[in-house]
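Novice: when you get a sec, could you give me coordinates for this:
(one chain, ligands or ions: 1)
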Amino acid sequence: MDHFELIDGVMHAEGVSLETIAEQVGTPVYVYSTATIERHAQVFREALAATGDPLIAFAVKANPNRAVLATLAKQGYGADVVSAGELMRARAAGIPADRIVFSGVGKTADEMRLALEEGIFQFNVESEPEAEMLSAVAVEMGKIAPIAFRINPDVIAGTHAKISTGGKENKFGVAYDRAVQAYALAAALPGLRVQGIAVHIGSQLTNLDPLRAAFEKIGALMAELRAAGHVLATADLGGGLGVPYDPAEPLPPSPAAYGQMVAKATKGWNVRLMFEPGRLIVANAGVLLSRVIRIKQGAANDFVIVDAAMNDLMRPSLYDAWHDIRAVRPRGDTMSSTVVGPVCETGDTFATNRVTPDFEADDLMVFATAGAYGATMASTYNSRALTPEVLVKGDKWSVVRARQPLETLIAGDNVPDWL
Ligand code: LLP
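Specialist: Numbers count the residues shown, from 1 in each chain. Below you'll find the predicted structure:
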């Protein structure tokens, strides 16, 4: 459920008309609903209530805007970070260090140092060489790094290949069969304290079976590791639960169904569970608001050309992702068209031969379910400024990232004086 609805024939984000935002901020612009973020945060927490008091660490990569992170901090959420930048954003948004977990295959010594200084809750270590580097950095600083190994359980996630992470051919995690060896190594390293285990098999999962299979494998491994003398106090089950994008597709499993599956799969584990949801919390809490520049008749199809492009929302061109297209002031008619942006690539296509509301030049359009992996993946390709972001709460709203002036974009380059 979200809070983007028609009021008197005009789409609003909670109590604010998208026409007002478009007039005052310009387009394209991302618009987020606080009520939706808060609701999803609460629904996910309630779904996991049967598993004790888990640490829910929002996957910052899904939407790193500081205002969004601050909203989640107020909900008691922690953060799953994968870079120094994400760690600093999470801290700047008020997320306590003891609710932060650091994931990622390529942590550098500098990033490890920063995280150790901050005193984060856990490093999810993805290889033995990483464990060795982290131990060395910690020893140098006179600290002990609390770690879990992220295990690659070799299950097929059944999602898009580019966002599957739990197969043995993927770069993520320690191979299942090397896990015992990796834990033995870590236990012998002076700068580490082994505290748990972690797994994350992919994103936008629309079936619970691969998750269940992964968790069962992790449960079996935990027994083996404990028998070898390791103390496991945490189990981080990652993120990955899918959200509805295309209304014609079956609904993904609900957070409640996920929670029940988790409670069953982890029964008797005797750990503090951790979760790293991203998309589930913020996807439906955001739209990309755009204006139609013009309609163009092509030889094979008609094109609706909008002022948002693949640099603002990469998902359709990168993963052939579907984002529902809605009119801000629908007239009730429909049309079939191909919706494209101004960028000079054929991949700059949001929808091909799709039946949408009827659009004319100057109409406002939204791409729905764009709150996750939207603004965060934007680029300045074609020298287009980074997309601004707006956060709405009731009838209040603020620009939470201003439109980047083109002058700033250009001033970022330096032309050497020897040229
Ligand atoms: N934990 C780890 C270690 C991750 O790598 C990810 C996502 C998450 C948690 C959060 O997963 P979620 O709950 O959002 O599914 N750009 C792609 C998605 C990439 C996901 C990367 N990792 C997209 O737009 O679909």
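
Novice: would you confirm that Ala327 contacts Met365?
Specialist: Yes - under the criterion of Cβ atoms under 8 Å, Ala327 makes contact with Met365 at 6.3 Å. C-beta: built from backbone N, CA, C; applies to glycine.

Novice: and for the two, which residues touch both?
Specialist: Phe359 (Cβ atoms under 8 Å, 6 or more residues apart in numbering).

Novice: of the two, which one has the most company?
Specialist: For Ala327 versus Met365, the count of surrounding residues by other Cβ atoms under 10 Å is larger for Met365: 27 against 21.

Novice: excluding chain neighbours, what is closest to that one?
Specialist: Beyond its immediate neighbours in the sequence, the residue positioned closest to Met365 (Cβ to Cβ, 6 or more residues apart in numbering) is Ser290, lying 5.2 Å away.

Novice: cool, Pro357 as well?
Specialist: When the adjacent residues along the chain are set aside, Pro357 lies closest to Ala327, with 3.8 Å between them (Cβ to Cβ, 6+ apart).

Novice: distance of Thr369 from Ala213?
Specialist: When distances are taken as Cβ to Cβ, to the nearest Å, Thr369 and Ala213 turn out to be 27 Å apart.

Novice: the two: which has the busier surroundings?
Specialist: When Thr369 and Ala213 are compared for neighbours, Thr369 comes out ahead with 26 against 18, by other Cβ under 10 Å.

Novice: now do the same contact list for the residue nearest to Pro357.
Specialist: With contacts defined as Cβ under 8 Å, 6+ apart, Ala327 is in contact with 11, 356-359, 363-366.

Novice: ditto for Leu313
Specialist: For Leu313, the contact set (Cβ under 8 Å, 6+ apart) comprises 288, 323, 350, 367, 370, 374, 377-378.

Novice: give me the element it is part of.
Specialist: According to DSSP states H and E, Leu313 maps onto no helix or strand at all.

Novice: one more: the one 4 residues further on?
Specialist: Remark: Ser317 resides in helix 315-319, with elements defined by DSSP H and E.

Novice: show me where the stretch 151-300 of the chain has strands.
Specialist: For the stretch 151-300 of the chain, the strands defined by DSSP state E, counting those that start in this stretch occupy 174-175, 192-198, 234-236, 272-275, 286-297.

Novice: could I have the CA atoms of the last one written out in CSV?
Specialist: If I follow you right, that is strand 286-297. As requested, the backbone C-alpha atoms of strand 286-297 are provided in CSV (Å, rounded to 0.1, in the frame of the first residue of the first chain):
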residue,chain,number,x,y,z
GLY,A,286,8.5,6.9,-4.1
VAL,A,287,7.5,8.0,-7.6
LEU,A,288,9.5,9.7,-10.3
LEU,A,289,7.4,12.6,-11.5
SER,A,290,8.0,13.7,-15.1
ARG,A,291,6.5,15.9,-17.7
VAL,A,292,5.7,15.0,-21.3
ILE,A,293,7.8,17.1,-23.6
ARG,A,294,6.0,16.0,-26.8
ILE,A,295,4.3,13.2,-28.6
LYS,A,296,6.1,12.0,-31.7
GLN,A,297,4.7,9.8,-34.5
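
Novice: endpoint to endpoint, stretch 93-108 covers what distance?
Specialist: Start to finish, the residues bounding stretch 93-108 are 23 Å apart (Cα to Cα, to the nearest Å).

Novice: other residues contacting the biggest helix by length in the chain?
Specialist: Across the chain, the helix with the greatest residue count (assigned by DSSP state H) is helix 209-227. Residues outside helix 209-227 that contact it (Cβ under 8 Å, 6+ apart): 151, 153, 155-158, 166, 176, 179-180, 183, 197, 199, 201-202, 205, 232, 235, 237, 240, 258, 261-262, 265-266, 269, 271.

Novice: which of the residues you listed are buried? Put it as a PyMOL command.
Specialist: Burial among the contacts of helix 209-227 is assessed by 16 or more other Cβ atoms under 10 Å; the matching PyMOL selection reads:
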select buried, resi 151+153+155+157+166+176+179+183+197+199+201+202+205+232+235+237+240+258+261+262+265+266+269+271
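
Novice: so which of the contacts of helix 209-227 are also by the ligand?
Specialist: Residues of the contacts of helix 209-227 in contact with the ligand (Cβ under 6 Å from any ligand atom): Gly240.

Novice: can you tell me which of the contacts of helix 209-227 end up in helices?
Specialist: Secondary structure of the contacts of helix 209-227 is defined by DSSP H; positions in helices are 179-180, 183, 258, 261-262, 265.

Novice: which one of the residues you listed sits closest to Gly412?
Specialist: When the ones in helices among the contacts of helix 209-227 are compared for distance to Gly412, the smallest value, 42.4 Å, is given by Tyr258; criterion: Cβ to Cβ.

Novice: can you name the residues that contact that closest one?
Specialist: Contact partners of Tyr258, counting by Cβ under 8 Å, 6+ apart, are 47, 208, 211, 241.

Novice: which two from those residues end up farthest apart in space?
Specialist: In those, the most distant members under the criterion Cβ to Cβ are Ala47 and Leu211, with 13.4 Å between them.

Novice: the two: who's more crowded?
Specialist: A count of neighbours by other Cβ under 10 Å puts Leu211 above the other of Ala47 and Leu211, at 27 against 21.

Novice: and the ones in helices among the contacts of helix 209-227 as CSV, adding pLDDT?
Specialist: Converted to CSV, the ones in helices among the contacts of helix 209-227 look like this (pLDDT from 0 to 100):
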residue, pLDDT
Ala179, 97
Val180, 97
Tyr183, 98
Tyr258, 98
Met261, 98
Val262, 98
Ala265, 98
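
Novice: need the residues you listed in JSON lines with distance to Ala411, can you?
Specialist: Rendered in JSON lines, the data for those read as follows (distance: Cβ to Cβ, whole Å):
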{"residue": "Ala179", "distance to Ala411": "50"}
{"residue": "Val180", "distance to Ala411": "54"}
{"residue": "Tyr183", "distance to Ala411": "50"}
{"residue": "Tyr258", "distance to Ala411": "47"}
{"residue": "Met261", "distance to Ala411": "52"}
{"residue": "Val262", "distance to Ala411": "49"}
{"residue": "Ala265", "distance to Ala411": "53"}
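
Novice: which among those residues gets closest to the ligand?
Specialist: Of all those, the one with the least separation from the ligand (Cβ to the nearest ligand atom) is Tyr258, at 10.8 Å.

Novice: still on that earlier bit, measure the residue nearest to Pro357 to Tyr32 for me?
Specialist: For Ala327 relative to Tyr32 (Cβ to Cβ), the value is 20 Å.
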